[in-house]
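Chemist: Mind folding the following:
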Amino acid sequence: MPVPIILDTDIDTDCDDVGALAMLHALANNGEAEILGVICDAPTVWGAPCIKAINRYYGRAETPVGTIQVDDYETNLRYELYRQHLELMGKGRVYEPYNRAIAQEFPDENKTGESEDGVALYRKLLAEQPDGSVVIAAIGFLTVLESLLDSAPDEHSSLGGTELVRTKVKLLVTMGGGSFPKGRDSFNWWMDKVATGAVLNNWPARLAVSEWGGTILTGARLCTETPETNPVRRAYAIYLFGESKSRCSWDQVAVFYAVRGARDYFTEIQGHRIHFSPDTGEHEWLPVENEDGHISLQQAASDETLAGVIEDLMTQPAAR
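Modeler: Presented below is the predicted three-dimensional model:
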């Protein structure tokens, strides 16, 4: 049975997000996943149209896309670190946001629909699925998931957000620097530490943390094995300033595990719960004696093995 999955991505500051989305479409084409929807969790107007362009390329224009709206983005203190990061990316090189380029170069000529509010879409998608069935792969910030937990009953479900998640979600896989037994993240969780603390410390369903992919390099084969019309190939070329270059595969690893599980590629440390401090950005895995623990994912296969499997999926032809 295909895994019903929601992808939650920042799809803005690194190209591994589009690589993960391409891989997820391949897994869906193989009958291994059912893409319920994609959420953009970063405050960028270009995230949703970039996602839609990739979905259209893979023949899934109907896949619903949710986004986040931050009216006071320029002054909101929660996004101060994110604004600083984007500013630093623009120093020392001419940086073109790949999501904007993809949205403009691969426009939605058929006007397949507006993006939805991310929390509302989450509630709708979860309410429609059987209990305990949905997997969420969060490869960006945890901002929308925090709002989901805080959400009130609506036309989609009489349950509040926390109870809706408890009822419908089988597993949340979050990509972050959650090293075992303690450590400190440097990006995904760090960009919105308040949301990270709220989600990691209070998530009412199963949760797994993946930090792997920094030494697993993929993407170079996109330019030789996929058409020039592939927006994922174009995104990598923009971000890496040229084709035939590779990039780390943090997000692909998280999505790969979310769909296929550990198999021979990973091992799982269980019997602990991760606790995250919003004040410091530091975390610690604390032992628990019940079954309410979290999973710390550990890489078992070699970098080369995982890179090969992941890039095979990334370069798999789109279904037409």
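Chemist: Grab the longest strand from the chain for me.
Modeler: With DSSP state E setting the assignment, residue counts place strand 266-276 as the longest strand in the chain.
Chemist: quick one: buried residues of that one?
Modeler: Using 16 or more other C-beta atoms under 10 Å as the test for burial, strand 266-276 gives Phe266, His272, Arg273, Ile274, Phe276. C-beta: built from backbone N, CA, C; applies to glycine.
Chemist: any weak-confidence spans in the stretch 51-200 of the chain?
Modeler: Applying pLDDT under 70 to the stretch 51-200 of the chain flags the ranges 91-95.
Chemist: now do 80
Modeler: Applying pLDDT under 80 to the stretch 51-200 of the chain flags the ranges 90-95, 110-114.
Chemist: Please, where are all the helices along it?
Modeler: 80-89, 98-105, 118-128, 143-150, 161-168, 193-202 (DSSP state H, counting those that start in this stretch).
Chemist: Report the inter-axis angle for the fourth one versus helix 80-89.
Modeler: To tie it back to what came earlier, the one meant is helix 143-150. Counting by axes from the mean of the first three to the mean of the last three C-alpha atoms, to 10 degrees, helix 143-150 points 170 degrees away from the direction of helix 80-89.
Chemist: which residues are contacting helix 143-150?
Modeler: Residues from elsewhere that reach helix 143-150, judged by C-beta atoms under 8 Å, 6 or more residues apart in numbering: 8, 39, 41, 66, 68, 118-119, 122-123, 136, 138, 161-162, 164-165, 172, 192, 194-195, 198-199, 202-204.
Chemist: Return the distance of stretch 293-300 from the chain's centre.
Modeler: Chain-centre distance of stretch 293-300: 17 Å, with C-alpha atoms, centre = their mean, to the nearest Å.
Chemist: buried ones in it?
Modeler: Buried positions in stretch 293-300, judged by neighbour count with 16+ other C-beta under 10 Å: Gly293, His294, Ile295, Ser296, Leu297, Gln299.
Chemist: Averaged pLDDT, that stretch. What do you get?
Modeler: Stretch 293-300 comes out with an average pLDDT of 97.
Chemist: what comes into contact with it?
Modeler: Contacts of stretch 293-300 (C-beta under 8 Å, 6+ apart): 178, 180, 206-212, 253, 257, 262, 264-274, 285, 306.
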